[in-house]
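A.B. asks: quick check, what structure comes out for this input:
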Amino acid sequence: MTIWKRPIDLERLNATSENTLIEHLNIIYSDFGDNYIEATMPVCHFTHQPLGMLHGGASVVLAETLGSVAANFCVDEDSYCVGLDINANHVRSMREGKVIGRATPIHLGVSTQVWQINITDERERLVCTSRLTISVQKKRNAKQSLKASQ
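C.D. replies: Down below sits the predicted model:
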């Protein structure tokens with residue numbers, strides 16, 4: 001049984017990234033299922049920190065992106081979701097290649113959601129694990145909407 005309350009497909013997911021930090025970091029949604037969303041991000045000069053390794057902040061951007069977008073697809077059109085808290089544990093360094101993030105829900109409540117986001121390398125080794133807490137809000141006007149639902 002799917003958790004999605006809005007139509008979801010890769011084209012719609014990737015359209016939410018236009019003209020955002022997500023597009024700038026070349027985060028691409030690559031897969032989804034009944035209860036998860038995945039995206040990839042390159043590990044290269046624009047996601048490196050000064051020592052030439054994947055910047056922890058870039059991993060957090062990937063994690064929050066996946067969890068926030070997934071959360072918004074889990075609520076009705078009269079609601080929207082925003083991040084409240086995120087934590088991340090960086091467990092493996094990377095210098096090149098790409099990372100794959102997968103967001104899965106831990107809790108899908110009326111006023112809050114909690115998402116687990118695991119980021120792995122291409123060999124499926126854990127690079128970062130993150131937990132994102134989301135606030136579910138009711139829309140007050142038509143301007144508050146996810147780009148993909150427009």
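A.B. asks: using CSV, list the CA coordinates for the longest helix along the chain.
C.D. replies: Longest helix of the chain, by residue count under DSSP state H: helix 56-73. In CSV, the C-alpha atoms belonging to helix 56-73 read as follows (Å, rounded to 0.1, in the frame of the first residue of the first chain):
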residue,chain,number,x,y,z
GLY,A,56,28.9,17.0,5.2
GLY,A,57,26.6,19.9,4.4
ALA,A,58,26.0,18.5,0.9
SER,A,59,25.0,15.2,2.5
VAL,A,60,22.6,17.1,4.7
VAL,A,61,21.2,19.0,1.7
LEU,A,62,20.5,15.6,0.0
ALA,A,63,18.9,14.2,3.2
GLU,A,64,16.7,17.2,3.8
THR,A,65,15.7,17.4,0.1
LEU,A,66,14.6,13.8,0.1
GLY,A,67,12.7,13.9,3.4
SER,A,68,11.0,17.2,2.7
VAL,A,69,9.9,16.4,-0.8
ALA,A,70,8.7,12.9,0.3
ALA,A,71,6.8,14.5,3.2
ASN,A,72,5.0,16.8,0.9
PHE,A,73,3.8,14.0,-1.3
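A.B. asks: and that helix, how far out from the chain's middle?
C.D. replies: 3 Å (Cα atoms, centre = their mean, to the nearest Å).
A.B. asks: then stretch 72-82?
C.D. replies: With Cα atoms, centre = their mean, you get 15 Å for stretch 72-82.
A.B. asks: from start to finish, how long is it in a straight line?
C.D. replies: Length of stretch 72-82, first residue to last, Cα to Cα, to the nearest Å: 8 Å.
A.B. asks: buried set for that stretch?
C.D. replies: By neighbour count on 16 or more other Cβ atoms under 10 Å, the buried set for stretch 72-82 is 72-75, 79-81. The way it works is simple: take the backbone N, C-alpha and C, and place the C-beta from them, glycine included.
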